[in-house]
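Student: Here is the input, now give the coordinates:
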Amino acid sequence: MPSSDDLRVFTVVVRKSSFGEAATELGTSPAYVSKRIRLLEEDLAVKLLHRTTRRVVVTEEGERVFHWAQRILDDVDQLLQEVAVTRREPRGLLRVSCSFGFGRRIVAPALSRLVERHPGLQVRLEVFDRLVDVAGEGFDLDVRVGDEIAPHLIARRLADNHRVLCAAPTYLARHGMPRTLADLSSHDCLVIKERDHPFGVWRLRSGGAEQSVKVRGPLSANNGEMAVQWAIDGRGIVLRSLWDVGASLGTGQLVRVLPDWQQEANVWAVYPTRLERSAKVRVCVEFLQEHLRGEWASGRGGEGGEAGPGGGGGAVGAFGAVGDGAAVAAVGRGDVAQG
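Tutor: Residues are numbered from 1 along each chain as shown. Model (predicted):
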């Protein structure tokens, strides 16, 4: 009978399509990975992988073994987690993904406190500038900003959030304050390409009305923090989450533009349905909800100054955390553009 360790090595090789990258993730050598795959093939009496000079290709038998291996490993992990629940202490590796900005400023500090509270947990945080295939890439949990979530995933809302238009006073002094959404087409707008955010199209809502506007400008990036700095430098108008620009609004470095218009972009914990009963995922989600509720209630959200749910036209807070009951496995609207 194949060992669970060999099955785990095999699933990582399939996900990475590389013995070397699998070895890096597992913290071992390519030779060790190759040996475990060879032993697994001998145990099962099938060829699981074809190796070329550039990549690893899964055979038809390997595909079947991969799906069974995932189920077996999930069951083993679930067993360990249920035993851990009886000890009231979750254990094991938790792989979390997020975007660069939100991951660095919000999620990383929260996970640091999580492992302090639960020393049996090992958390690996990886950040990306693209939308992550949570199940396909082997993550347990993706923390994302935006309400468009695939129906095969489970999503629990961590906090309410929305994006606002803002610019530096120096820019508005030179170019004037836009009065309508249509005016944005004649302004320098700082366009961000993050994850699957539609590039150069801003969909905004005011009350019950929703409109999309095509924008452009001399500067664009795939990183929201750079765009915010450009806005502070007076280079144009940016659409960005209040968790990111709330402090700058509070200090007057940025001011709201068209404050009646905003874009809903709540913060979600997203995970595969197979992990619905995972104790370590549950503990992490509940902790993130608690962390965000405490941070923004006390006004420490982001890097200073945001507190409470944002609204109106002033320099207001980032977002409000929601209760434990806000859970869905559904599709919403909005851009999954983490920030």
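Student: low-confidence ranges in the chain?
Tutor: 1, 53, 78, 80-89, 194-197, 295-339 (pLDDT under 70).
Student: which residues in it form helices?
Tutor: 4-16, 19-26, 30-44, 60-86, 100-102, 108-117, 169-175, 224-232, 242-251, 279-297 (DSSP state H).
Student: CA atoms of the third one as PDB?
Tutor: Provided in PDB are the C-alpha atoms of helix 30-44 (Å, rounded to 0.1, in the frame of the first residue of the first chain):
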ATOM      1  CA  PRO A  30      15.000  16.700  -6.400                       C
ATOM      2  CA  ALA A  31      16.700  13.300  -5.900                       C
ATOM      3  CA  TYR A  32      14.500  12.500  -2.900                       C
ATOM      4  CA  VAL A  33      11.400  13.500  -4.900                       C
ATOM      5  CA  SER A  34      12.400  11.300  -7.800                       C
ATOM      6  CA  LYS A  35      13.000   8.400  -5.500                       C
ATOM      7  CA  ARG A  36       9.600   8.700  -3.800                       C
ATOM      8  CA  ILE A  37       7.800   8.900  -7.200                       C
ATOM      9  CA  ARG A  38       9.700   5.800  -8.400                       C
ATOM     10  CA  LEU A  39       8.700   3.900  -5.200                       C
ATOM     11  CA  LEU A  40       5.100   5.000  -5.600                       C
ATOM     12  CA  GLU A  41       5.000   3.800  -9.200                       C
ATOM     13  CA  GLU A  42       6.500   0.500  -8.100                       C
ATOM     14  CA  ASP A  43       3.800   0.200  -5.400                       C
ATOM     15  CA  LEU A  44       1.000   0.900  -7.800                       C
END
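Student: contacting residues around it?
Tutor: The list of residues contacting helix 30-44 from outside it, by CB atoms under 8 Å, 6 or more residues apart in numbering, reads 1-2, 5-7, 9-10, 13, 19-20, 22-23, 26, 47-49, 61, 65. C-betas here are computed from N, CA, C, even on glycine.
Student: ok, back up a step: got the helices of the chain as JSON lines, with distance to Gly200 and mean neighbour count columns?
Tutor: As requested, those are exported to JSON lines (distance: least, CB to CB, whole Å; neighbours: other CB atoms under 10 Å):
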{"stretch": "helix 4-16", "distance to Gly200": "33", "mean neighbour count": "20"}
{"stretch": "helix 19-26", "distance to Gly200": "34", "mean neighbour count": "18"}
{"stretch": "helix 30-44", "distance to Gly200": "43", "mean neighbour count": "16"}
{"stretch": "helix 60-86", "distance to Gly200": "38", "mean neighbour count": "15"}
{"stretch": "helix 100-102", "distance to Gly200": "20", "mean neighbour count": "23"}
{"stretch": "helix 108-117", "distance to Gly200": "30", "mean neighbour count": "15"}
{"stretch": "helix 169-175", "distance to Gly200": "19", "mean neighbour count": "15"}
{"stretch": "helix 224-232", "distance to Gly200": "13", "mean neighbour count": "22"}
{"stretch": "helix 242-251", "distance to Gly200": "19", "mean neighbour count": "24"}
{"stretch": "helix 279-297", "distance to Gly200": "30", "mean neighbour count": "20"}
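Student: Kindly reformat the ones you listed as CSV containing distance to His162.
Tutor: Shown next, in CSV, are these (distance: least, CB to CB, whole Å):
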stretch, distance to His162
helix 4-16, 34
helix 19-26, 36
helix 30-44, 45
helix 60-86, 35
helix 100-102, 14
helix 108-117, 20
helix 169-175, 21
helix 224-232, 14
helix 242-251, 7
helix 279-297, 13
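Student: Out of those helices, which is closest to Pro198?
Tutor: helix 224-232 (14.8 Å; CB to CB).
Student: The closest one relative to helix 242-251, how many degrees between them?
Tutor: Counting by axes from the mean of the first three to the mean of the last three CA atoms, to 10 degrees, helix 224-232 points 20 degrees away from the direction of helix 242-251.
Student: any idea how far helix 224-232 is from the chain center?
Tutor: Taking the mean of its C-alpha atoms, helix 224-232 sits 20 Å from the chain's own mean (CA atoms, centre = their mean, to the nearest Å).
Student: Dump it to CSV, restricted to CA.
Tutor: Written as CSV, here are the backbone C-alpha positions of helix 224-232 (Å, rounded to 0.1, in the frame of the first residue of the first chain):
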residue,chain,number,x,y,z
GLY,A,224,-2.1,49.1,-6.5
GLU,A,225,0.4,50.5,-4.0
MET,A,226,2.4,52.1,-6.8
ALA,A,227,-0.7,53.6,-8.3
VAL,A,228,-1.6,55.1,-4.9
GLN,A,229,1.8,56.7,-4.6
TRP,A,230,1.4,58.2,-8.1
ALA,A,231,-1.9,59.6,-7.0
ILE,A,232,-0.2,61.2,-3.9
